[in-house]
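Asker: sequence first, then the predicted structure:
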Amino acid sequence: MDANLACEFDVEKPDPIGRGAALMHFAGDASRARILVILRDGELCVTDIIARLNAGRAAAGFASVSQPAVSHQLGMLRKAGLAEGTRDPANGRRILYSLTTTGVGMVNLIAGATAMNIPESRLTTRSPILLPCRPAGD
């Protein structure tokens, strides 16, 4: 699914609603969402991101995540315009990743959604959560 999404994701969509929907779908991947939330603390290199991801995964009893997997997700986040990378001036071989303005907005959406304490059983693509429908004619 990620490969298809990466190919279909068009950061130049002229329709702002379509672009917003595509960004939310793209950042809806749990791995990418966790990386975005970690980057809200500022610039971090891949090693620091992996350490933070693995600390959370170990506490939850999950296997650790690999450097290639995190680098792949960071590349996708950069392509989508949610994160950016700059060379570390102290160590030219290291890339420091940070959120773009769009990435900060996405982290705020993620934080807002997690603050609502929505039961996990309601978090499916088929169940409406927050948008009640008004009866026709109102």
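Answerer: Everything's here; your move.
Asker: where does this structure have low pLDDT?
Answerer: 1-14, 113-138 (pLDDT under 70).
Asker: where along this protein do the strands fall?
Answerer: 83-87, 95-99 (DSSP state E).
Asker: OK, contacts around the nearest residue to Leu36 once chain neighbours are set aside?
Answerer: Here the nearest residue to Leu36 in space, its sequence neighbours aside, is Val107; by Cβ to Cβ, 6 or more residues apart in numbering that works out to 5.2 Å. From N, CA and C alone the C-beta is placed, and that goes for glycine too. By Cβ atoms under 8 Å, 6 or more residues apart in numbering, the contact set of Val107 is 36-37, 39-40, 99.
Asker: this protein: helices as residue ranges?
Answerer: Read by DSSP state H, the chain holds these helices, from start to end of the chain: 2-8, 16-27, 30-39, 46-60, 67-79, 101-115.
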